[in-house]
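Asks: My questions are about this predicted structure, shown below with the sequence.
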Amino acid sequence: MTSRLQALTRLSGVAAALSLPHVDTDQIMPKQFLKGIDREGLSQGFLHDMRFDAAGQKRADFVLNQAPWTEAMFLITGPNFGCGSSREHAVWGMRQLGIRCVIGASFGGIFSDNCLRNGVLALVLPDTEVARLTRLAQDPLGCQMALDLPTQSVYSAGDGRTLRFELDPLHKNMLLHGLDAVGMSLLHAQDIRDFETQYLAAHPWVQPEQNHPTR
């Protein structure tokens, strides 16, 4: 059995722009939402202090609280988005809110890895392209975008342009087939078992670790 996520092949929908630099994972998912051991209710925590005021009311001036960006599937970010701590809850909450693709000039390394392991494309593009997509995303009449992962392209309806991008083949395969790191490893389960059998036959003095009673 492989560990599967929802595959990402094509995505079409609204893009929202959050061009603030260095938005860290403490802001993306504040600590009060880390108490549970499950993933329920984390959409409320995503960018909570930006989306809600002290009384828990939605901030009318925040982009994700405004139509059409309440339905965003793409998020165009400022540089170094997702820096800071390694909390995976940040990506879980983002996914629960409906965002499957984040686009920026740079991301926090662990955040980017967490995106991949949860079926989200963290796409790094040149500054000029991020700026162009940000301008389009800020226009309610031009914020529709479409991702085609097999052809590695992003289409922006606002200016009718198609952008090709580079992506590591392994990462592309994981997203296309809905596989996390465990799932990718399990695809080679028989090869792993065959190697273990052959290795132990060639090195009979090596034995798998056994559980020993406490002395």
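Replies: Yep, it's here. Everything numeric in this text was worked out from a predicted model, so none of it was measured.
Asks: next SSE after the lowest-mean-pLDDT helix or strand in the chain?
Replies: Within the chain, no helix or strand scores below helix 181-186, which has a mean of 61 by mean pLDDT, DSSP states H and E. Using DSSP states H and E, the helix or strand that follows helix 181-186 in sequence is helix 189-202.
Asks: what comes up buried for that following helix?
Replies: When burial is assessed from 16 or more other C-beta atoms under 10 Å, helix 189-202 yields no buried residues. Heads up, the C-betas are built off the backbone N, CA and C, glycines and all.
Asks: ok, now stretch 149-167?
Replies: Those would be 149, 154, 156, 158, 163, 165, for stretch 149-167 by 16+ other C-beta under 10 Å.
Asks: And the last one, how far from residue 114?
Replies: Here residue 165 is placed at a distance of 20 Å from residue 114 (C-beta to C-beta, to the nearest Å).
Asks: Ok, the fifth one next?
Replies: Summarising the geometry, the distance separating residue 163 from residue 114, computed by C-beta to C-beta, is 24 Å.
Asks: now residue 46
Replies: Counting by C-beta to C-beta, the gap from residue 46 to residue 114 is 13 Å.
Asks: Next, show the common contact partners of those two.
Replies: Common neighbours of residue 46 and residue 114, counting by C-beta atoms under 8 Å, 6 or more residues apart in numbering, are residue 90.
Asks: Output the below-cut-off pLDDT ranges for this protein.
Replies: 1-4, 37, 180-189, 191, 208-215 (pLDDT under 70).
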